[in-house]
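Asks: predicted structure and sequence below. I'll ask about it afterward.
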Amino acid sequence: MCFHEHVHGNQEKMGRIFSVNLEGKIYSCKHCRTHVALMDDIVSKSFHCRHGKAYLFSKVVNVTVGTKEERMMMTGLHTVADIFCVRCGSIVGWTYETAHQKDQKYKEGKSVLERYKISGPDGSNYWASHEAHVGGSDAEDV
Amino acid sequence: MGGVEHSEPPLKRVKVPLGDLKNLVGEVSHIVPVSSSLGDSMARSPCSQGAEEMVGMKGVIKKQEFVKIITRALYSLGYVRTGALLEEESGIPLHSTAVALLLDQVRGEKWEESLVTLHKIGLSDEIMVKRASFLLLEQKFFDLLKEENLMAALDTLRNEIVPLSVDVGRVRELASFIICPSQCVALRISSQDGTDANSRSGFKEKLEKLLPAAVMIPERRLEHLVEQALDVQRDACVFHNTLDSEFSLYVDHQCGRNQIPSHTLQILQAHKDEVWFLQFSHNGKYLASASKDHTTVVWEVKESDLVLLKHTLTGHQQPVLTITWSPDDSQLLTCGVEEVVRRWDVNTGECLHVYEKAGVGLISCGWFPDGKGIVSGMKDKSICLWDLDGRELECWKGQRTLNISDMAITDDGKRIISICRENAILLLDREAKFERLIEEKQVITSFSLSEDNKFLLVNLMNQELHLWSIEGDIKVVAHYRGHIRTRFLIRSCFGGFEQAFIASGSEDSQVYIWHRDTGKLLLTLAGHSGAVNCVSWNPMDPHMLASASDDRTIRIWGLDGLNCKGHCSNGNGIT
C-alpha cells in the first residue's frame, strides 16, 4: 500500500509553537528549518521510500504524530504513523509503533525521516530520485 | 438509651462518604436533649454489664466514652448542674472514684493524701506515676517553703522527690530555691497575679495532661472532634471557592459548582492577532495581555467587574511573549521573542526603559522582589540580573535556560527558576550558590509558581500537568490530565480561594479547571474559537478568571448570574 504525501493541518502558523532546539549536527525541516533530529541518532541510512533515501533515527523532536495504520512493507507488516513538522505541518516521515515480525522489532519506537523532506547538517538538500519501487512504500536494503 | 437508637428501621444508605456523618449528627440529637425534660421522654434501659454498648450507625463509638466527653463539655461550658445530672442519669461518672478523690484532694491541697490516692488509681505506667508524684510533691515542697519550714522542704526534696529519678533539671532548680527561698516566693507571687488559683491551675493542667486520656478526659475533647469533622467536610468540598463561608453543624458543608467561574462575562477584543499571554496584577485591579501583534494591552478591572482598556503598549518589534507585574503593580515588564525587555509605567503607558544585550536576544523576564532589579533569560542560555537603569549586576553563564522558557523568582529573592534542559527545571539558589533540579521524563514546555512559592506547576509535552513541591523534599505531589496540547505552548496556573484550583488553556479551545488536592477535573469552559494559550485567575477575586486565545480575544469568566456571589449552599437548599 503506498502512502501519499499530504500537508497536515493548516499552513499558517497558529499559536505559539513549542519547539526544542538541538545542538550538534542537525537535520531540520526543509520548509521551515525547525530542528528534527541529530546525526548522532541515525541508526541506519539504508531505508527507502517513494522519493528516495530515508534514514532511521532513534529519536526525533518537534513532530506531531498522525493516526496509526497497518502498512505492509518489504520487510513485513508494521503499525506505523506518519509524522509531521510541528511548525509548518509538512510530512517528514513516519514512526514505527509496532513491528509484527521478531527480527523487525528493533524498529519499534524509532522514526524514519525522508531525506527529501529534511535539510542535512551542512544545509544540503536531497533531490527526489525517480526510481520506481515495486510494492511501493518503505523498503529496506538487505 | 439503647432503645432509642434502634427504634427506627436502619436507613438505606447510599455509599456517600459524608452521609454517615449526617446520620451520626441525627443520632446525637436523640441522646442529648439538654433543655428538655429529663428522665421521662427517653426510655432508659439499664447499662449493660457485659458487652460494651455502642452508639451511632457504624458501631464504632463506645457509649461510655461518648457520654463522658459530653459531660466534660458541659462542665467546660459552665453547666455544672447539667453535667452532674448527666452523670447521675446516665450512671456514667466522668471520673472514677479514685480520680475524683484525687482531684478533690488536689483542690484541698492535701498533698500527702493525694499521693496515696494517686497510687490507688491503678496506672500501669511507672514513669507516669513518678512524674505525677513529682508534680504533687513539688506543690508540697512549695507550700513548705512558703511556711518557711526549710528543713521539711529539704527533707521532702531529698527523700521523696530525688528518689523518683525524674526531671533532674527541675530538682536542681528546686534545690536553688532552698538556698534562696525569698526569691522563690517572689517568683511564685509574681506568677500568681495575686491569686493562688493561677499557679494551682498551671500545675493542675500539667497533671491533667500527664495522666492518660482515658483516666482524665481531656478538656475540649468534644470540640476537637467536631472541628476534625468540619475539616474533613471542608477538604471534601471540591468546589469550595468562597471567602466568607460559615460552617454549620446542622448540615454537611458542600459548595455547589456555581462557586467556580464558568460563565463568560465579557469578551475583550483589542488585539489584532493571537493573544499568547495574560496576567492579572497582584492587586487584581489590572489585567495585562500580550499578543503576537507585538503589543501589550493593559486593562483595568472596575468595581463592577467590568474590564476596560486602559493602554495599548507598542514598541516591540516581535510578538510579545510574556509580561510580569512589578511587586507594587505600578510597572510592567514585557519581553519580545528573542528581542528586548521593555519596562513600562502602568499609569501613563510610557516605556521607561529598554533592556537588551548586544547580539543576544532575550527570551524571558522577571522582577526582582524588591522591585529594583530585572532578571532575564537570554538566547545564549545565560541569565542576567540588571538594575533598573540597565547596569548588569550579575550574570549566570552556562546552561541556565533554554530558548523557550519561563522565568520565576521567589518572593524572598533567593531562588531563580527556569527551564534549563529539555526535561529539567533549574532552581538556582542565589545565596547558597547551589542548584537543585526538577527532572521529568518528558519534555517540559512551561511552568507556573504558586503564590506561596512552595509549589511549581509543570506543563509537559505529553499533555500532563505535574504539581511539584519545591520546599524541602522536592517531589511530585499531584497530576492533572484532560486538556490537549500537541503543538503549542499552553499555560496553566493556580487560582481561586487559597489557590485550591488549577486552571489551564488547551488546544481544543476550552479552559480546563481541576481541583488541586484531588486532581479531579471539575469544569471545562467552552466559548473560545481558537486554542486557549494562557489563563490567569484574579488573585484578589476568586470568582474571576481570564483566558487568552488564538481567536484574538480574551474572555473574562465569572460566576453564573443566577446565584448570588459569596454564598454556598448548605446542603439543605437554603443559601
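Replies: Received it, and whenever you're ready, just let me know what you need.
Asks: get me the contact residues on chain A for chain B.
Replies: Applying CB under 8 Å from any CB of the partner chain, we find that chain A lies next to chain B at A:14-21, A:61, A:64, A:86. In this view, the C-beta of every residue, glycine as well, is placed from N, C-alpha and C.
Asks: just the buried ones from the residues you listed?
Replies: Among those, those scoring as buried are A:14-20, A:61, A:64, A:86 (criterion: 16 or more other CB atoms under 10 Å in any protein chain shown).
Asks: show me those that map onto strands.
Replies: Counted as lying in strands by DSSP state E, out of these, are residue A:64.
Asks: show me which pair in the buried ones among the residues of chain A next to chain B is furthest apart.
Replies: Spanning the widest gap among those are A:14 and A:61, at 19.8 Å by CB to CB.
Asks: sorry, back to before: need the buried ones among the residues of chain A next to chain B in a markdown table (columns: pLDDT).
Replies: Output for those, formatted as a markdown table (pLDDT from 0 to 100):
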| residue | pLDDT |
| --- | --- |
| A:14 | 71 |
| A:15 | 77 |
| A:16 | 88 |
| A:17 | 91 |
| A:18 | 92 |
| A:19 | 91 |
| A:20 | 92 |
| A:61 | 95 |
| A:64 | 94 |
| A:86 | 94 |
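Asks: of the buried ones among the residues of chain A next to chain B, closest to residue B:208?
Replies: Relative to residue B:208, the closest of these is residue A:18; by CB to CB it sits at 62.2 Å.
Asks: tell me the bridge partners for the residue of chain B found nearest chain A.
Replies: Chain A sits closest to residue B:488 of chain B, with a gap of 3.7 Å, by CB to the nearest CB. Applying DSSP bridges to residue B:488 yields these beta-bridge partners: residue A:17.
Asks: ok, now which ones touch it?
Replies: Contacts here follow CB atoms under 8 Å, 6 or more residues apart in numbering or on different chains; on that basis residue B:488 touches A:14-18, B:507, B:531, B:533.
Asks: turn those into TSV, columns for distance to residue A:107.
Replies: What follows is those, written out as TSV (distance: CB to CB, whole Å):
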residue	distance to residue A:107
A:14	33
A:15	32
A:16	33
A:17	28
A:18	27
B:507	30
B:531	33
B:533	36
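Asks: all helices for the stretch 101-250 of chain B, in order.
Replies: Per DSSP state H, counting those that start in this stretch, the stretch 101-250 of chain B carries helices over the ranges B:111-120, B:126-146, B:150-155, B:168-179, B:181-192, B:196-210, B:221-236.
Asks: by mean pLDDT, show me the worst of the ones you listed.
Replies: Note on these: helix B:181-192 shows the lowest mean pLDDT, a mean of 58.
Asks: shouldn't residue B:386 be in contact with residue B:372?
Replies: No - using CB atoms under 8 Å, residue B:386 is not in contact with residue B:372; the gap is 10.1 Å.
Asks: correct me, but residue B:134 touches residue B:165?
Replies: No - using CB under 8 Å, residue B:134 makes no contact with residue B:165, being 9.8 Å away.
Asks: tell me which of the two has more neighbours.
Replies: Taking other CB atoms under 10 Å in any protein chain shown, residue B:134 and residue B:165 do not tie; residue B:134 has more neighbours (22 against 11).
Asks: contact partners for the more buried one?
Replies: B:161, B:164, B:166-167, B:170.
Asks: state the distance from it to residue B:102.
Replies: Per CB to CB, to the nearest Å, residue B:134 is found 15 Å from residue B:102.
Asks: how about residue B:416?
Replies: 62 Å.
Asks: so which of the two has more stuff around it?
Replies: residue B:102 (27 against 24).
Asks: can I assume the more buried one is in contact with residue B:117?
Replies: Yes - in this structure residue B:102 lies within contact range of residue B:117 using CB under 8 Å: 4.5 Å.
Asks: need phi/psi at residue B:65.
Replies: Per-residue torsions, residue B:65: phi -60, psi -40 (degrees, to the nearest 10).
Asks: how about the backbone phi and psi for the residue in chain A positioned nearest to chain B?
Replies: Nearest to chain B, among the residues of chain A, is residue A:15, at 3.7 Å (CB to the nearest CB). Dihedral angles of residue A:15 (phi, psi; degrees, to the nearest 10) stand at phi 70, psi 170.
Asks: that one and residue B:484, how far apart?
Replies: Taken as CB to CB, the span from residue A:15 to residue B:484 is 12 Å.
Asks: find residues that contact each of the two.
Replies: Joint contacts of residue A:15 and residue B:484 (CB under 8 Å, 6+ apart) are residue B:507.
Asks: and the residue lying closest to residue B:551 once chain neighbours are set aside, how far from residue B:299?
Replies: The shortest distance from residue B:551 to any non-neighbouring residue, by CB to CB, 6 or more residues apart in numbering or on different chains, is to residue B:530 (3.5 Å). For residue B:530, the distance to residue B:299 equals 19 Å [CB to CB].
Asks: flag every residue of the stretch 401-550 of chain B that's near chain A.
Replies: Proximity of the stretch 401-550 of chain B to chain A, by CB under 8 Å from any CB, involves residues B:402-404, B:422, B:443, B:445, B:461, B:486-489, B:507, B:530-531, B:533, B:550.
Asks: of all those residues, which two lie farthest apart?
Replies: B:422 and B:530, at 27.4 Å, using CB to CB across these.
Asks: so is residue B:73 in a helix, a strand, or just coil?
Replies: helix (DSSP: H, G, I helix; E, B strand; the rest coil).
Asks: was I right to think it contacts residue B:223?
Replies: Yes - using CB under 8 Å, residue B:73 makes contact with residue B:223 at a distance of 7.0 Å.
Asks: which one's more surrounded, those two?
Replies: Between residue B:73 and residue B:223, counted using other CB under 10 Å, residue B:73 has the larger neighbour count: 19 against 14.
Asks: residue B:63: neighbour count?
Replies: Neighbours of residue B:63 under the rule other CB under 10 Å: 20.
Asks: revised request: answer the last question for residue B:317.
Replies: Using other CB under 10 Å, residue B:317 has 9 other residues around it.
Asks: quick check, it in contact with residue B:336.
Replies: Yes - assessed by CB under 8 Å, residue B:317 is found in contact with residue B:336 at 6.5 Å.
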